[in-house]
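> coordinates for the following, if possible.
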Amino acid sequence: MLLVVPMVWILLTVVFILMRVAPGDPVQAALGGREPQSVIAEKRHELGFDKPILVQYGHYIGGVLHGDFGKVTSENRTVTNVITHEGAATLELSLAAMLVALVLGLSIGVLIGRFRDTPLDVAGRLFGILTYAAPVFWIGILFQLLFVAKLGWLPSSGQADTLQEIDLSQHAHTNIDLLDAAINGSWGDFTNVFQHLILPALTLGLLLCGVFIRLVRVNIIQTLKNDYIEAARARGIRESRVVLRHGFRNALVPVVTVVGLQAALLMSGAVLTETTFSWPGIGRALINYLNQRDYVAVQGIVTVFALIVVAISLVIDVVTALIDPRVRYS
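Residues are numbered from 1 along each chain as shown. Okay, here's the model as predicted:
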């Protein structure tokens, strides 16, 4: 927990420096490069860009400590507002993708670990390697060609149809459309949002499941060699119960750690997935602000990404210590 403070400070400093040395003028880009110099100078003064770099750094750190990540240069809104609204859509996608990754990764990992060195094992390992190595946007395009263009089963992009999106925005509670539709009892909207969520969540989930497949397989194989597993088999316990009750539960400890480490990969994958499927999340907003050279918005969003990864890493450290007593007493 003590390491979190210098880690966050270093992350904030690096983000600040990178945004200041990046090419281009965010004010000119935001104003379209067509405004007179007096207007540009006024905007720079409003945003504090005309102050010394150390003063800007002090305001930046102070704002982050108070939850203020600045104002979007190209829009009349704060970065906090962007994080609240677009971040809710990214959270919805990330949780669904993690669920897909865990279900596929744990199931396939246990299965191929039980049937080691069989054709099923080879197929499962190959599947894990391909899903981990394939570019997430390429998988997304293939899914769009298959399930949208060829089969016509699912929508190609967006978080919901236009009418459903308008209805959900008027009755928003959490800004998470799937949850808002359930709270409102609008099951037609719920079905529509769920259909739009399937392809992006499956695409991003496949990116992560390869790691879980390999990790669970290795730990299942090692766990099934232990003496207490042989003792359970000797007592006549069914093999399926031995694998799931004794082997699988003990193989889950390292998986909990890896779930936290995958948070960074989940964030980076969300940027490409949201762009591919036009998902209105914070990753897509980040790409738009990069194209507009809106470095204040980029700086705030990247900072939030970094803080989330640090927070998740801290939580995973604590959870791992609670699960495995050897960590607490090492």
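
> low pLDDT regions in the stretch 101-250 of the chain?
Residues of the stretch 101-250 of the chain meeting the criterion pLDDT under 70: 162-173, 244-247, 249.

> which parts of it are strands?
Per DSSP state E, counting those that start in this stretch, the stretch 101-250 of the chain carries no strands over any range.

> now do the helices in it.
Per DSSP state H, counting those that start in this stretch, the stretch 101-250 of the chain carries helices over the ranges 119-133, 136-143, 162-170, 177-184, 187-223, 227-234, 239-241, 249-251.

> give the contact list for His97.
That one is not His; residue 97 is Ala. Counting by C-beta atoms under 8 Å, 6 or more residues apart in numbering, Ala97 touches Pro200, Ala201, Leu202, Thr203, Leu204, Gly205, Leu207, Leu208, Leu266, Gly269, Ala270, Thr273. From N, CA and C alone the C-beta is placed, and that goes for glycine too.

> next one: Glu75
Shown in contact with Glu75 (C-beta under 8 Å, 6+ apart): Ala297.

> for it, grab phi and psi.
Per-residue torsions, Glu75: phi -140, psi 160 (degrees, to the nearest 10).

> same question for Thr78.
phi -90, psi 160.

> ok, how many other residues are close to Val148?
For Val148, the neighbour count with other C-beta atoms under 10 Å is 15.

> measure the closest residue to it other than its chain neighbours to Gly269 for me?
Among residues not flanking Val148 along the chain, Ser156 sits closest, at 4.3 Å (C-beta to C-beta, 6 or more residues apart in numbering). According to C-beta to C-beta, to the nearest Å, Ser156 stands 19 Å off from Gly269.

> show me which of these two is the more surrounded one.
A count of neighbours by other C-beta under 10 Å puts Gly269 above the other of Ser156 and Gly269, at 24 against 16.

> counting by contacts, list what the one helix or strand the more buried one maps to packs against.
Assigned by DSSP states H and E, Gly269 belongs to helix 253-276. Judged by 3 or more C-beta pairs under 8 Å, 6 or more residues apart in numbering; DSSP states H and E, the packing partners of helix 253-276 are helix 79-114, helix 136-143, helix 187-223, helix 282-291, helix 295-323.

> and of the ones you listed, who's closest to Val8?
helix 295-323 (5.8 Å; C-beta to C-beta).

> just want the angle from the closest one to helix 79-114.
Per axes from the mean of the first three to the mean of the last three C-alpha atoms, to 10 degrees, the angle that helix 295-323 makes with helix 79-114 is 40 degrees.

> quick check: angle from helix 295-323 to helix 253-276?
160 degrees.

> pLDDT of helix 295-323, averaged?
Averaging pLDDT along helix 295-323 gives 78.

> give the buried residues for it.
Within helix 295-323, the residues that count as buried by 16 or more other C-beta atoms under 10 Å are 295-306, 308-310, 312-313, 316-317, 320.
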